[in-house]
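J.: pasting a predicted model and its sequence here:
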Amino acid sequence: MSADSEDRGHVSPGAAPWRLDLPGAVVHKLSVSDMDNNVYLVGCTVTGQRLLVDAADDAPRILDLLRETAPQADPDGTLLGQVVTTHQHWDHHRALAAVVEATGATTLAGAEDADALPVRVDRRLADGDTVAVGDLRLDVVGLRGHTPGSVALALTAGGDVPRTVILTGDSLFPGGPGRTPDQAAFTSLMDDLEARVFGMYDDAALVLPGHGDNTTLGQERPHLAGWRARGW
């Protein structure tokens, strides 16, 4: 299998998760629901601490993923420190309450979207914040437009050739930004994507979106002007 096909990260509901190994970190990607929502599990391989991104649906399958990928420090597979919800849309948090009840995880979301979630949000995130997962540090990237409080998480793993993965929710996909309610929101999202994502990370950065396959900033960067011109 080529590196390109491995990076594509194709998953489908009911199928096995995709796994990405990085220095000191492991990322699992699972698809749930007929909307092909992606659920991500980010783990620190040094400490065993884990963070879930978007408990979108099918809580039993998400809890199975926790058990299937449990580190040695967690023989029962129930340890989950935090759950980040990338944005307020209902299809990204249908399993949130059940997962939090089963694990006791701390909840995090963008400040402007937090009140729309079905659980109390313990930590309200803003652009420039950092989320710690054991020895890992994930940068919070505010991406206003798809929703007012949409956030992405950027993890740069060390090693001889550091690599960044960016969990973008519904703000960036292969082929363009996520849907926005009006032209002002589209302009806001494009401004944030250009300044806070494409302006901050290199072409090798791997984009892990809220639905569907992965992409890289290098694949998408040549199309920025075209997205602006088409207006979506």
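T.: Now that the structure is in, tell me what you want to look at. All figures in this text were calculated on a predicted structure; none of them were measured in a lab.
J.: tell me which residue lies nearest the centroid of this structure.
T.: residue 167 (3.1 Å; CA atoms, centre = their mean).
J.: how far out from the middle of the chain is the helix or strand harbouring it?
T.: Per DSSP states H and E: residue 167 is located in strand 163-169. Put simply, strand 163-169 sits 7 Å off its chain's centre (CA atoms, centre = their mean, to the nearest Å).
J.: from residue 7, how far off is residue 206?
T.: Applying CB to CB, to the nearest Å, the value for residue 206 to residue 7 is 6 Å. Placement of C-beta: from N, CA and C, glycine included.
J.: give me the common contacts of the two.
T.: Common contacts of residue 206 and residue 7 (CB atoms under 8 Å, 6 or more residues apart in numbering): 214, 216.
J.: who has more neighbours out of these two?
T.: Per other CB atoms under 10 Å, whichever of residue 206 and residue 7 has more neighbours is residue 206, with 22 against 19.
J.: is the residue nearest to residue 133 when sequence neighbours are not counted in a bridge, and if so with what?
T.: Spatial nearest neighbour of residue 133, chain neighbours left out: residue 51 (4.6 Å); criterion: CB to CB, 6 or more residues apart in numbering. Following DSSP bridges, residue 51 is listed with bridge partners residue 42, residue 82.
J.: tell me the secondary structure at residue 155.
T.: Following DSSP: H, G, I helix; E, B strand; the rest coil, we place residue 155 in the strand state.
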